[in-house]
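Asks: got a sequence here, can you build the structure:
(chains A, B, C, D, E and F)
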Number of protein chains: 4
Amino acid sequence: MRVSDKHSKILQAAIKVFAQKGFFSARISDIADEAQVADGTIYLYFNNKYDILISIFEEEIGKLILEIRTLIEAEDDPRRMLELFARQHIELLRDRKDLAEVLQMELRQSNKFMKEYRNTKFIEYLDIISRIIHKGQEMKIFRSDVMPGVAKRALFGALDETARLWILSPDNQYTIEEAASQISGIFLTGMEVRA
Amino acid sequence: MRVSDKHSKILQAAIKVFAQKGFFSARISDIADEAQVADGTIYLYFNNKYDILISIFEEEIGKLILEIRTLIEAEDDPRRMLELFARQHIELLRDRKDLAEVLQMELRQSNKFMKEYRNTKFIEYLDIISRIIHKGQEMKIFRSDVMPGVAKRALFGALDETARLWILSPDNQYTIEEAASQISGIFLTGMEVRA
Amino acid sequence: MRVSDKHSKILQAAIKVFAQKGFFSARISDIADEAQVADGTIYLYFNNKYDILISIFEEEIGKLILEIRTLIEAEDDPRRMLELFARQHIELLRDRKDLAEVLQMELRQSNKFMKEYRNTKFIEYLDIISRIIHKGQEMKIFRSDVMPGVAKRALFGALDETARLWILSPDNQYTIEEAASQISGIFLTGMEVRA
Amino acid sequence: MRVSDKHSKILQAAIKVFAQKGFFSARISDIADEAQVADGTIYLYFNNKYDILISIFEEEIGKLILEIRTLIEAEDDPRRMLELFARQHIELLRDRKDLAEVLQMELRQSNKFMKEYRNTKFIEYLDIISRIIHKGQEMKIFRSDVMPGVAKRALFGALDETARLWILSPDNQYTIEEAASQISGIFLTGMEVRA
DNA sequence: GATGAATGAGCTTTCATTCAT
DNA sequence: GATGAATGAAAGCTCATTCAT
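Replies: Model prediction:
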């Protein structure tokens, strides 16, 4: 088995276990069981429990950023780009539920137990949004009084929270895609330069 | 010292400690130190560590709901009500930073370790928003195709995430009040019936 | 309420609680509840938890010794005295089940946690038996090769263990009185000088 | 070191520590020290403190039953069998003092804290006696009015209590073997069919 | 004398991490 | 590299005892 295989196997197992139990309640042996390796083996690939979590952030978000960027760069219209981002983000949460849960929860409390860790990947991810807005403003599509730094956080928060609750207890009133569309709709209309 | 004083003293200490360290990293003795009581005293007022967290949710959110409701019920215009909610929520996060952090973080991961606990208070809080939107739709102020169930989550998420990041690393580009105003602005414009 | 009343009330409560839960599992507050006094009140009458147990031994066994001695001294025939003792002991265990349990169990392990305590009352109680046997030997009713020091322990053990198990799970094959009679029968026949 | 070695090492250490301090006063770390393992190691072999005690009952009494049965089954005369049992039991108490103390004391109070645990091994052990008596009655050696269910408890109690006190404070008047012989003598004479 | 809130030492148990094999 | 038995620090919680009222 290639080295990278085991590294990845452990990481995927950790995502699953962290999603199920949360970082603190998850035991190393749970991850080892799930990855079908010995407890000690995990320490050949990661320094400690925190390191596994950080690796999830770094490596998995890294992949997402790449994916989403490629997709968005194929577009020209900032409106379409924003719609795409919303849809893509929310589909990710739907399709990779475990990863989504880990990112959402642990992200928010990571600063508590990993004082030194600055989640640059996450900032990068958010900056995709602000760059779209900025572009839209240059193209006179979005109002210039909209602050990209606020809007990026607001849009991310709106999408994330909606998806989080939807995942927690799916609402039969609407699909997650409809939700994404509603949210990008509100934001687009809210930010557009009026005719 | 009155009984209620000690209950409250411990609760406030717990809010502070949970905010600083997170629920799991916080030790009972940290809370006891902060509250200037003995470890054992905590167990005269709470059943266990989880119970302290749940009490924070129940009692503190309960107070917030009352406050915010009183404020909002004094208004008639749903637009104004939404603005007020946004401002109020974000000011709360600014003024009671510790409480805000506990509510934000532990709320999101509480379902992991307290399977049985349904955070009804939080749901109640969110429902304040959906009721405002619903009212606006009846008054033909908000578009009828906006789904209140989605919008409440989206608005809450937008506000919460923005405030969260602002608290984490205050952005000197804008004040938190401006942020609140931006967000309610986007949502209002985004949901309004066009002339 | 007279002082002695409360002292006695606590002692009776302790007997009940120790019997139910055992000395270690019993909490001071259990005894206080049962005696309908405050936890602190117990410490006005007893030095500590051990002291309550020792007082049970001293005071309650003291009463038993008096009772049983009075009864036995009314007799002349050592055979009859032994029968009486057996019956009396076993009836005590039946009628004062709680006290019996405490004496039986805690007696046996008291030396573990109260190194310094010599249970002189219990020794006194046992000596009632050896004196009967000795008397019987002087009267040439019991064989002289029977060692009173062994026989007293053997008889006590036989009675006590039988009663203990009978109390634990009453055997419908025989009454506890029949058991007492069987045992004293075996011991009498076993110790008598043959015709 | 073989797995079974550590299991057994801990069990032997526990017997020693429980005998010295009693179950409740014994700390896990005492057992760990005695067994020369880390505290945590104990939990690799036993579920909890109670489980150690139960294992002592199950495994150690199990061995005793086997030993004593083998010995007794080599005999034909119920009188001789009873003598053997008495001697064997009392020698066990003398030679494995620690085990004896644990069995004697904790056995008696085990029902207090382990409500669910039925000590079947102990019942099995006692039934060795009743079967001997029953056999003696069939062979017309023991009187038919002797109730085996009473006699087994009585004999066990007599032996056990005598040994217990002898161990506690050895009596120089007689050896423990003499005591065993006295007791079986009394019981045999007491139960025999008279010529 | 009586109370019971408060104390804090002490214990069982968990689990991340190590290291001999 | 891989294993998993062993480690031992760490923390939640209990409860006998105290003492201000």
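
Asks: interface residues of chain A facing DNA strand E?
Replies: A:25, A:26, A:27, A:28, A:29, A:39, A:40, A:43, A:48, A:49, A:50 (Cβ under 7 Å from any atom of the strand). Just so you know, the C-beta spots here come from the backbone N, C-alpha and C atoms, and that holds for glycine as well.

Asks: roughly how far does the third one sit from residue D:152?
Replies: Read that as residue A:27. 50 Å (Cβ to Cβ, to the nearest Å).

Asks: repeat for the last one
Replies: When distances are taken as Cβ to Cβ, residue A:50 and residue D:152 turn out to be 63 Å apart.

Asks: who's more crowded, these two?
Replies: residue D:152 (23 against 14; other Cβ atoms under 10 Å in any protein chain shown).

Asks: now do the contacts for that one.
Replies: Residues near residue D:152 by Cβ atoms under 8 Å, 6 or more residues apart in numbering or on different chains: D:126, D:127, D:129, D:130, D:133.

Asks: chain center to the biggest helix by length in chain A: distance?
Replies: For chain A, the helix with the greatest residue count under DSSP state H is helix A:148-168. Centroid separation for helix A:148-168 versus its chain: 10 Å, with Cα atoms, centre = their mean, to the nearest Å.

Asks: near chain B at all, the following helix or strand past that helix?
Replies: Once the chain leaves helix A:148-168, the next helix or strand it forms, by DSSP states H and E, is helix A:176-191. Yes: if you take Cβ under 8 Å from any Cβ of the partner chain as the test, helix A:176-191 does meet chain B, through A:178, A:179, A:182, A:183, A:185, A:186, A:187, A:188, A:189, A:190, A:191.

Asks: from the residues you listed, which two are the most distant?
Replies: The most widely separated members of the residues of helix A:176-191 next to chain B, counting by Cβ to Cβ, are A:178 and A:191 (20.3 Å).

Asks: neighbour-wise, which of those two wins?
Replies: Counted by other Cβ under 10 Å, residue A:178 and residue A:191 do not tie: residue A:191 has more neighbours, with 26 against 12.

Asks: so how far is residue B:34 from the closest residue to that one other than its chain neighbours?
Replies: With sequence-adjacent residues excluded and distances taken as Cβ to Cβ, 6 or more residues apart in numbering or on different chains, residue A:191 is closest to residue A:142, at 4.6 Å. For residue A:142, the distance to residue B:34 equals 46 Å [Cβ to Cβ].

Asks: same question for residue A:152.
Replies: Distance from residue A:152 to residue B:34, by Cβ to Cβ: 36 Å.

Asks: same question for residue A:52.
Replies: Using Cβ to Cβ, we find residue A:52 at a distance of 31 Å from residue B:34.

Asks: and the two? which has more neighbours close in?
Replies: Neighbours were counted for residue A:52 and for residue B:34 using other Cβ under 10 Å; residue A:52 has more, 23 against 18.

Asks: skip ahead from the lowest-mean-pLDDT helix or strand in chain A and say which helix or strand is next.
Replies: The helix or strand of chain A with the poorest confidence is helix A:97-113; it has a mean of 74 (mean pLDDT, DSSP states H and E). Moving toward the C-terminus from helix A:97-113, the next helix or strand (DSSP H and E) is helix A:120-138.

Asks: same question for that following helix, mean pLDDT?
Replies: Helix A:120-138 shows an average pLDDT of 90 in the prediction.

Asks: with stretch A:51-70 instead?
Replies: pLDDT averaged over stretch A:51-70 gives 88.

Asks: what are the contacting residues of it?
Replies: A:10-11, A:14-15, A:18, A:23, A:31, A:42, A:46, A:85, A:88-89, A:92, A:99, A:102-103, A:106-107, A:110, A:114, A:117, A:119, A:121-122, A:124-125, A:128.

Asks: so which residue of chain A comes closest to chain C?
Replies: Nearest residue of chain A to chain C, counting by Cβ to the nearest Cβ: residue A:25, 30.5 Å away.

Asks: that residue and residue A:64, how far apart?
Replies: According to Cβ to Cβ, residue A:25 stands 25 Å off from residue A:64.

Asks: of the two, which one has the most company?
Replies: residue A:64 (18 against 14).

Asks: ok so, going back, my guess is the residue nearest to residue A:191 meets residue A:155, correct?
Replies: No: here residue A:142 does not reach residue A:155: they are 11.9 Å apart, not a contact under Cβ atoms under 8 Å.

Asks: which residues of chain A lie near DNA strand F?
Replies: A:1, A:3, A:6, A:37, A:38, A:39, A:40, A:41, A:43, A:44.

Asks: counting neighbours, what do you get for the fourth one?
Replies: Read it as residue A:37. Residues near residue A:37, counting by other Cβ under 10 Å, number 17.

Asks: show me how chain A divides into domains.
Replies: A:1-46, A:53-191 (automatic domain parsing).

Asks: run through who's touching the helix or strand harbouring residue A:82.
Replies: Here residue A:82 is covered by helix A:78-95, with elements defined by DSSP H and E. With Cβ under 8 Å, 6+ apart as the test, helix A:78-95 has contacts from A:64, A:67-68, A:71-72, A:75, A:99-100, A:104, A:128-129, A:132-133, A:135-136, A:139, A:141-142, A:155-156, A:159-160, A:162-164, A:167, A:176-177, A:179-181, A:183-184, A:187-188, A:192.

Asks: any idea how many residues pack against the residue found closest to residue A:75 once you drop the neighbours it is linked to in the chain?
Replies: Closest residue to residue A:75 apart from its sequence neighbours, by Cβ to Cβ, 6+ apart: residue A:81 at 4.8 Å. Each residue near residue A:81 was counted by other Cβ under 10 Å, and the total is 22.

Asks: residue A:133 touches residue A:191, doesn't it?
Replies: Yes: with contact defined as Cβ under 8 Å, residue A:133 counts as touching residue A:191 (7.1 Å).

Asks: joint contacts of the two?
Replies: A:142, A:146, A:151.

Asks: I'd say the last one and residue A:187 touch.
Replies: This means residue A:151. Yes: taking Cβ under 8 Å as the definition, residue A:151 is a contact partner of residue A:187 at 7.4 Å.

Asks: where do the contact lists of those two overlap?
Replies: residue B:186.

Asks: of the residues of chain A next to DNA strand E, buried ones?
Replies: A:26, A:28, A:49 (16 or more other Cβ atoms under 10 Å in any protein chain shown).

Asks: in strands, which of those residues fall?
Replies: Per DSSP state E, strands hold no members of those.

Asks: return the member of those nearest to residue C:172.
Replies: residue A:26 (54.8 Å).

Asks: wait, what's in contact with the closest residue to that closest one other than its chain neighbours?
Replies: Spatial nearest neighbour of residue A:26, chain neighbours left out: residue A:17 (4.7 Å); criterion: Cβ to Cβ, 6+ apart. Residues in contact with residue A:17 (Cβ under 8 Å, 6+ apart) are A:26, A:30, A:31, A:34.

Asks: ok, residue A:17 to residue B:117 distance?
Replies: Taken as Cβ to Cβ, the span from residue A:17 to residue B:117 is 21 Å.
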